[in-house]
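Undergrad: Just need the structure, nothing else, for what follows:
(one chain, ligands or ions: 2)
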Amino acid sequence: MIVLKTNRELAVMRKAGVISQQALRLAGEMVEPGVSTWDIDKAVRLFIQSQGAVPSFLGYDGYPASACISVNHVVIHGIPKKSVILKKGDIVSIDVGAQYQGFHGDNAWTYPCGEISGEAQALLDATEKSLFLGVEKARPGNRLGDIGHAVQEYVEARGYSVVREFTGHGVGAEMHEDPSVPNYGTPGRGVRLTAGMVIAIEPMINLGRKEIEIKADGWTVETKDKSLSAHFEHTVAITPNGPVILTLPQ
Ligand code: MF3
Ligand code: CO
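TA: Ligands and ions are numbered 1, 2, ... in the order given. Here you go, the predicted model:
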């Protein structure tokens, strides 16, 4: 069931989105050689709590941290650890959500750690661009397939691949609501988008093949071929005037 949001609810979601965005930016500024993913997660948690908000991920299905930090061939859901120390050349996907006054914001970005290869930078650029091409399709009257197609067409034309097993999702009082928002699809197909829907669009794009595997910890998702993977996400409200990104500075 897709839950539409009122304008009053959207105003609260905008606050949740801004806190999520500020937490993500703070995390991104910490990405440097020698820093552990544990330290970044701790800063994220303390910041979110300082804003009177609650880290959305902490305790979700037993998840043990406030951020997911996924390095290089880790696609998503990397668990922060003292033993994971960032080094020059890494690409670091950080996913952060905050719940504020009963509503969630959810966003992710892949950051370079120091100087990275041209190949890695091109993957980040293409994945970021595909997110915004998807956002552009988040308008009343369009369909979910329009979003997925926009993402898929752009990245596949550059030789990258789209992860299928994980998708974007509705966002609201629950972090994960209907509908599921795939990063692939057929134009004109799927659920029709209407004003009041709020969705997280989050392409997960691999440099190599699309297949993934889940590690024994039950969370960590890696590319099967160990190729690099990038992840960019915004929470987006569909309004009569088009898409409004809630996870941006307002
Ligand atoms: N934020 C992720 C998403 O975009 C979900 C994180 S899973 C959790 O859907 F368990 F860490 F919360
Ligand atoms: Co999400």
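Undergrad: any low-confidence regions in this protein?
TA: The chain contains no residues with pLDDT under 70.
Undergrad: Which residues of it lie near ligand 1?
TA: Near ligand 1, the residues belonging to the chain are 57, 60-61, 63, 68, 77, 95, 97, 106, 169, 200, 202, 233 when assessed by C-beta under 6 Å from any ligand atom. Glycine gets a C-beta too; all of them are placed from N, C-alpha and C.
Undergrad: Swap in 5 Å and give it another go.
TA: The chain has residues 57, 60, 63, 95, 106 near ligand 1, with proximity defined as C-beta under 5 Å from any ligand atom.
Undergrad: looking at those, which has the most residues close by?
TA: D106 (29 neighbours; other C-beta atoms under 10 Å).
Undergrad: So the nearest residue to that residue once chain neighbours are set aside, which state does it fall into?
TA: Excluding the flanking residues, the one nearest D106 by C-beta to C-beta, 6 or more residues apart in numbering is G97, at 4.2 Å. Reduced to three states with DSSP: H, G, I helix; E, B strand; the rest coil, the structure at G97 is strand.
Undergrad: what's near enough to touch G97?
TA: With C-beta atoms under 8 Å, 6 or more residues apart in numbering as the criterion, the residues that contact G97 are 20, 55-57, 104-107, 175.
Undergrad: out of those, what pair is the most spread apart?
TA: Every pair in the contacts of G97 was compared (C-beta to C-beta); the two farthest apart turn out to be P55 and N107, at 13.0 Å.
Undergrad: Checking I69 next. Helix, strand or coil?
TA: Recorded secondary structure, I69: strand (three-state DSSP).
Undergrad: cool, and A237?
TA: strand.
Undergrad: which one is it nearest to, not counting chain neighbours?
TA: V244 (4.5 Å).
Undergrad: hang on, that neighbour packs against H234?
TA: No - using C-beta atoms under 8 Å, V244 is not in contact with H234, being 10.1 Å away.
Undergrad: Please compare those two by neighbour count and tell me which comes out ahead.
TA: For the pair V244 and H234, the greater number of neighbours falls to H234 (27 against 19), based on other C-beta under 10 Å.
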